[in-house]
Structure formats: C-alpha cells, structure tokens
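**Student:** Give me a model of this one.
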Amino acid sequence: MRLRSCVACFLGVLVTASAAGAAPSVSPAAKETQCTTNPATPKRQMRAAWIASVVNIDWPSRKGLPAAEQQAEYRKLLDDLKAKNFNAVIVQIRPTADAFWPSPYEPWSEWLTGEQGRDPGYDPLAFAIEEAHARNLEFHAWFNPYRVSMQNDPAKLVPSHPARQHPDWTFAYGPKLYYDPGHPAARTFVENAIMHAVDHYDIDGVHFDDYFYPYPITGKAVPDDATYAQYGAAYPNVHDWRRANINRLIEDMDAQIHFAKPWVKFGISPFGIWQNKSSDPRGSETGGFESYSGIYADSFKWVKEGWVDYINPQIYWNIGLPVADYSKLVPWWAQVVGGTGVHLYVGQSTYKIGTSGAWLDPEEMSRHLTFNRAYADVQGDVHFSAKDVLADRLGAVSKVVQAHHSRPALLPLKADLGGSAPRMPIIVQAKRGTGGVELTVRPVDLGGSAATTSVAIYRFDGIDLPGACGFADASHLLGTARTKAGENAAAHFVDATAQPGTMYTYYATALDRLQHEGPASPPRIVR
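**Tutor:** Down below sits the predicted model:
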C-alpha cells in the first residue's frame with residue numbers, strides 16, 4: 001500500500017505512540033503466522049559455519065603466524081561469511097585441553113604459536129568475539145571436553161599441564177590422549193575450565209562437537225577398567241556407566257551455564273545417528289555407526305531432558321545413501337525435537353563437496369536445504385567448515401547462497417532463556433553518501449531484559465506503509481547492525497544496494513540478544 005498523501009498523518013501517529021510508550025501500529029510480530037511468506041527468504045534461520053582450530057583446519061591457517069596475520073585471517077573469514085548472509089560462527093577455542101584465552105586452568109594452545117604454553121601476545125578469544133559482534137554475528141564458543149592431545153605421550157605436554165600433574169585423570173587410546181570421562185575429578189576440572197570462559201567472556205553460546213568417549217578402534221578396548229572398578233559399582237555394566245558419565249557432564253554444563261548466564265545457549269553437535277531402528281524401535285531408519293553405543297553419546301536423552309538449547313546433528317550423508325539417508329535422518333531428528341523447545345540445526349558436510357559420488361553434483365547441498373523446508377522444526381544449518389564454505393567448490397555454495405541465502409535472516413528466537421522485546425527504535429539519520437544510504441538508528445533502551453543488542457533494517461520501495469505482513473519474512477530485510485554501548489548508543493548501517501534517484505522507505509526494529517524483536521520504528525523516507 002503506497003499512500004503518499006497520508007504519510008504525514010501516519011508519521012504523526014507513530015511518533016505520538018512512541019512518546020506515550022505504546023506500541024506503534026506496525027509490529028513485525030503481529031499476525032506473522034497469518035501472512036503468506038516465501039520459504040526461500042525465511043525471516044529467522046540459523047546460518048553458521050564451524051571455524052576449527054585443531055591442526056589449523058580453519059584458523060589460524062598454520063602455527064606460529066604473527067598476531068597481526070592471525071587477526072587479518074579471522075577478519076577475512078568473517079567478512080566472507082557475512083557477505084554470504086551467514087549470521088553466526090562456531091569457533092573452536094579449546095581444541096585439545098588448551099586455551100585460546102589466558103586460562104588459569106590450561107596452557108595456551110599450540111595451534112596459535114606452535115608451542116604449547118607460549119603467549120600469542122594478545123587475547124584471541126576476546127578478539128574473536130569482538131570482531132564477530134562488530135559484524136553482528138552470533139559467537140558460539142566451541143569446546144572439546146575430553147581430548148587432551150593429538151598425540152598420546154604425556155611427556156610431550158608442557159610440564160605444568162594438568163594431564164601431567166594428574167596422570168590418573170587420563171588414558172591413551174590409539175594415537176591420542178584423553179581425560180577419562182569416568183573420573184569425577186577430571187570431569188569437574190573440564191567443567192571448571194570451560195566455565196572460566198563462560199564467566200569472563202561475552203559469548204552467545206557454548207558448543208560441544210561429537211567427541212565424548214573416543215571413536216572405537218578395531219581390536220582396542222578403552223582402558224578404563226580401573227576407573228570403572230572404583231566409580232562404577234552402581235551400574236550393571238561398563239556401557240551404562242560410560243553413558244551416565246557423559247550424561248552427567250551434559251546435565252552439569254546445562255545447569256552451570258544457565259546459572260551463570262541464563263542467556264547463553266548450550267548446544268551439541270552429535271554424530272548424526274543416535275541408534276538404528278534395528279537396535280531400538282525409537283531409532284532412525286539407518287544402518288550405520290551408532291553414537292549411543294559407540295561413543296556413549298545419548299543425544300536422544302539430552303533433547304528429551306531439555307539439557308540442551310539446540311541440537312546440531314552431523315547429518316553428513318547425501319540424499320538416498322542407503323546406510324544413512326539424509327532424507328530419512330532429517331525427519332527423524334525433527335520428530336525427536338518436536339514439542340521439546342530444543343532447536344534443531346542440521347550439520348552439513350560442506351567439506352565433501354566435489355569429492356565423490358553424489359557430492360560431485362553441485363546441486364546436492366542446495367537440495368538438502370530445500371528438503372529441510374518441509375520440516376518446521378529444522379531452524380537452520382551449520383556448515384563444516386568455514387574454509388570449505390569459502391572454497392565454493394563446483395560453485396555449490398554459490399548455489400546455496402542464491403537459492404537459500406539471497407536475503408539476510410535473523411537468528412531463531414530462544415524465548416525460554418528469558419529476555420523480552422525492546423521498545424521501538426528511532427532512525428535518527430538517513431542520508432545518501434558515496435557508499436549508499438547511511439542510516440543511524442538509536443534504540444530507546446530500557447536496560448535489563450529489554451536491552452537492545454542489535455537492530456534490523458527493512459526497506460520498501462517508494463513511500464510504503466507495509467503493515468505487519470511486510471515484515472513477516474526477509475523479503476524486505478536488508479540486514480542487521482550491532483548497537484554501540486554507552487550514553488549515545490546507536491547502530492550504523494549502510495544500504496550499499498540503494499540506487500541513486502530511487503525513493504525508499506526504511507524501518508528499523510530493535511532486538512535483544514536472544515532475538516526478541518520489538519515494534520517497527522516510524523518510517524524514514526529517503527528520496
């Protein structure tokens with residue numbers, strides 16, 4: 001609806017409502033479910049990439065890079081992901097019982113400087129969070145709980161390493177060294193080491209991957225007989241005891257994270273198969289490795305108990321693969337999370353593109369995301385890993401961006417962690433500059449649970465009073481911007497796609513850190 005003659009009176013209504021503290025008549029949340037939306041431009045969707053540090057998979061690209069080069073690499077990763085309309089990163093900051101921050105529990109990571117324990121000269125975690133937030137990317141801190149080292153000789157760890165100080169906490173298995181999940185002191189230590197980062201850094205999420213007990217090696221038993229004999233008397237067998245050990249870690253972490261910071265999300269990315277239906281009637285129609293019995297990860301239970309805020313199964317197989325069919329696993333996981341309030345994000349094997357079989361088809365990954373649209377409980381995707389996203393082999397990621405990321409998206413709302421929608425912001429400046437239309441948005445911040453963390457910018461052609469349905473999907477969403485803290489808090493956004501001489505109507509909304517969205521601002525017209 002374009003009502004040139006009525007804009008002044010409409011603006012007057014909105015400004016009056018704002019001054020009185022009432023909600024304006026344009027509310028993005030109003031009646032969204034009654035609006036016709038485009039499934040290719042969802043308003044809310046998790047779009048993340050894993051940034052792995054272990055063995056320098058993604059960042060830093062190699063050991064011993066000078067700090068300035070490490071920082072430049074990371075900024076480029078973020079810029080490139082942001083350009084593809086990603087909205088979150090999952091960054092590995094504790095890959096092998098070490099740290100990407102000055103931890104009082106564990107040594108500096110060797111993947112930074114090439115020498116375990118050597119200070120890199122800056123705080124990589126603080127830097128990584130700040131740069132992600134500057135681009136309004138959600139930052140999930142990725143921790144590997146029990147892996148101590150990619151080699152199995154404790155003598156090669158720095159002398160002060162806790163694994164050397166407490167050898168009874170560890171076992172060697174195959175080529176690697178692990179903390180024993182069955183040792184109560186080891187588990188407590190792992191939890192404390194992780195919680196130090198939660199307590200001291202402005203992270204948005206805590207993330208575990210699929211490594212709990214080590215993946216089995218043919219002919220090798222996990223060497224935890226002594227630990228089981230000491231601590232497992234209450235359990236009928238070692239397998240139930242091992243699962244209970246992992247469950248205790250997950251339940252503990254859920255409680256500790258949300259006690260310290262209720263808004264921080266806790267998520268896990270388990271192996272894509274829990275159990276096959278042949279083993280348990282509740283399982284999936286698959287025939288592959290079972291994480292329930294193979295690595296003692298009872299991911300089904302974690303969801304049903306509500307110990308996680310999101311589950312991110314690694315469904316790393318193509319559509320139609322008989323032993324583990326993507327088109328069978330996605331519906332199964334959607335059924336598992338249904339009614340629980342736990343978000344489901346699908347782990348995508350972007351690293352397989354261009355390798356063999358179905359992955360030689362540049363459309364395979366895009367078909368995965370199209371398939372997901374049929375399941376409302378699938379709220380996004382996480383790609384392994386960032387370097388593979390940016391490599392864009394076969395042009396497959398470009399196809400994903402064109403078909404599924406053509407517009408930005410807000411993150412899914414996790415309302416049960418608290419928070420509330422902020423009041424409507426004001427676009428205090430909108431002017432044409434050399435780079436496009438420059439917007440400055442000032443929140444009307446109440447603080448507390450209604451504090452504004454970011455703003456969303458919407459654009460409509462001409463003079464447009466769109467009503468609630470104009471905000472129901474991302475068709476008109478230009479992007480988001482982080483607000484600056486302080487007395488003159490504001491967010492700045494440049495619409496680089498604005499065409500000279502074209503008239504636009506802009507709106508802004510305010511979001512808290514859990515993605516509650518408040519009412520739209522008064523419109524701002526740029527001629």
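
**Student:** which outside residues touch stretch 302-309?
**Tutor:** Outside stretch 302-309, the residues that touch it by C-beta atoms under 8 Å, 6 or more residues apart in numbering are 205, 247, 250-251, 254, 265-268, 301, 311, 336-337, 340-343, 414, 417. C-beta here means a position set from N, CA and C on the backbone, and glycine is covered the same way.

**Student:** Quick check: buried residues in it?
**Tutor:** Residues of stretch 302-309 classed as buried by neighbour count (16 or more other C-beta atoms under 10 Å): 302, 303, 307, 308, 309.

**Student:** Tell me how far that stretch lies from the chain's centre.
**Tutor:** 17 Å (C-alpha atoms, centre = their mean, to the nearest Å).

**Student:** With stretch 59-69 instead?
**Tutor:** Per C-alpha atoms, centre = their mean, the centroid offset for stretch 59-69 relative to its chain is 24 Å.

**Student:** just stretch 303-323 next, same as before
**Tutor:** 15 Å.

**Student:** Could you do stretch 284-293 as well?
**Tutor:** Stretch 284-293 sits 25 Å away from the centroid of its parent chain (C-alpha atoms, centre = their mean).

**Student:** what does that stretch rub up against?
**Tutor:** 210, 239, 243, 270-271, 273-280, 283, 297-300, 322-325, 328-329, 332.

**Student:** try stretch 493-503
**Tutor:** So stretch 493-503 is in contact with 432-433, 435-439, 441, 455, 457, 459, 461-463, 478-479, 481, 504, 506, 525-527, going by C-beta under 8 Å, 6+ apart.

**Student:** Then stretch 60-72?
**Tutor:** By C-beta under 8 Å, 6+ apart, stretch 60-72 touches 53, 56, 59, 73-74, 110-114, 120-122, 124, 127, 131.

**Student:** Show the end-to-end separation of that stretch, please.
**Tutor:** 10 Å (C-alpha to C-alpha, to the nearest Å).

**Student:** Could you list the buried residues of that stretch?
**Tutor:** Residues of stretch 60-72 classed as buried: 60, 64, 65, 70, 71 (neighbour count, 16+ other C-beta under 10 Å).

**Student:** from those, which two are the most distant?
**Tutor:** The most widely separated members of those, counting by C-beta to C-beta, are 64 and 71 (14.4 Å).

**Student:** related to what we said a few turns ago, are any of the contacts of stretch 284-293 buried, and which?
**Tutor:** Among the contacts of stretch 284-293, those classed as buried by 16+ other C-beta under 10 Å are 210, 243, 270-271, 273-276, 283, 297-300, 324-325, 328-329, 332.

**Student:** what helices or strands is the helix or strand hosting residue 198 leaning on?
**Tutor:** Assigned by DSSP states H and E, residue 198 falls within helix 184-200. Other elements packing on helix 184-200 under the criterion 3 or more C-beta pairs under 8 Å, 6 or more residues apart in numbering; DSSP states H and E are strand 88-94, strand 138-143, strand 176-179, helix 238-260.

**Student:** Any chance you could list what contacts it?
**Tutor:** 93-94, 97, 99, 101, 103-106, 125, 141, 143, 145-146, 162, 166, 169-170, 179-181, 203, 206, 231, 245, 248-249, 252-253, 256-257, 260-261, 264.

**Student:** what kind of secondary structure is residue 452 in?
**Tutor:** With DSSP: H, G, I helix; E, B strand; the rest coil as the basis, residue 452 sits in coil.

**Student:** buried subset of the contacts of stretch 60-72?
**Tutor:** Looks like those have 53, 56, 59, 73-74, 110-113, 120, 124, 127, 131 buried, using 16+ other C-beta under 10 Å.

**Student:** Quickly name whichever of the residues you listed is closest to residue 399.
**Tutor:** Closest to residue 399, out of all of these and judged by C-beta to C-beta, is residue 59, at 25.1 Å.

**Student:** Spatially, and excluding backbone neighbours, which residue is closest to residue 367.
**Tutor:** residue 319 (6.0 Å; C-beta to C-beta, 6 or more residues apart in numbering).

**Student:** Oops, could you answer that again for residue 331 instead?
**Tutor:** Per C-beta to C-beta, 6+ apart, closest to residue 331 is residue 375, 6.4 Å.
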